[in-house]
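**Student:** Quick one, structure for this:
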Amino acid sequence: MTTPRERGGTIGLIVFALALAFGAAIWFDVGHIGEQLARLVSDNPSRAAAPSAASRDRTPPASPVAITQAWYLDVPGYAGADDERRAAHAPMLVYFQTRSCDLCRRVDRELLASPEMKPLLDGAVKVRVDVMSSAREQRLAQKLGALAVPALIEIDAKGLSHKLPLELAGKLVSPAQLAASCMQP
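**Tutor:** Purely as a prediction, here's the structure:
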């Protein structure tokens, strides 16, 4: 049997633990834990390609809100990326791929990591979707018209979207062709 004093101490500890957990949850939410996790995952070379440094003639317009440079991942990342696209009035690139796709790896290496694409990628909110990870990713691909991988969909600041060509006549497009096919600001 516990005394009222012991029960009061136990209740106090429980209240303290709940307050601590609530404070931590708020801190994580304010700190955009999803964004931080996406950045950690995208910094891992096995999950995302890091673009190389350089510039090109046409640079995207400066947006009033800073754009996350890390790639958002899959359907959960898409929702956050779309919110960021709206807030920043910036374009969004949604890259549909699979880990087992050789052509997807070539697109990562030869197109997305190219110097011509760096300014475009730096000025856009980016989402990498592995269509084999779940049915949700497959539904998103169908919704945006990505019927095969790899596919790159651009959504402008107004929400208009179009599929960017990654291949012409069975060959990868050049980085310059891909950059030029993006919507003009």
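
**Student:** ranges for the strands of the protein?
**Tutor:** Secondary structure of the chain (DSSP state E): strands at 72-73, 92-97, 125-130, 151-155, 161-164, 167-168, 171-172.

**Student:** do you know how far residue 83 is from residue 155?
**Tutor:** 13 Å (Cβ to Cβ, to the nearest Å). From N, CA and C alone the C-beta is placed, and that goes for glycine too.

**Student:** what about these two, which has more around it?
**Tutor:** residue 155 (22 against 11; other Cβ atoms under 10 Å).

**Student:** Which strand residues bridge that one?
**Tutor:** residue 92, residue 161 (DSSP bridges).

**Student:** Hmm, it is touching residue 91, no?
**Tutor:** Yes. In this structure, residue 155 is within contact of residue 91 by Cβ atoms under 8 Å, at 6.6 Å.

**Student:** Please enumerate the shared neighbours of these two.
**Tutor:** Taking Cβ atoms under 8 Å, 6 or more residues apart in numbering as the criterion, residue 155 and residue 91 both touch residue 85.

**Student:** give me the low-pLDDT residue ranges for this protein?
**Tutor:** Counting by pLDDT under 70, the chain contains low-confidence ranges at 1-65, 183-185.

**Student:** do that again at 50, thanks
**Tutor:** Within the chain, the stretches with pLDDT under 50 are 18-60, 62-63.
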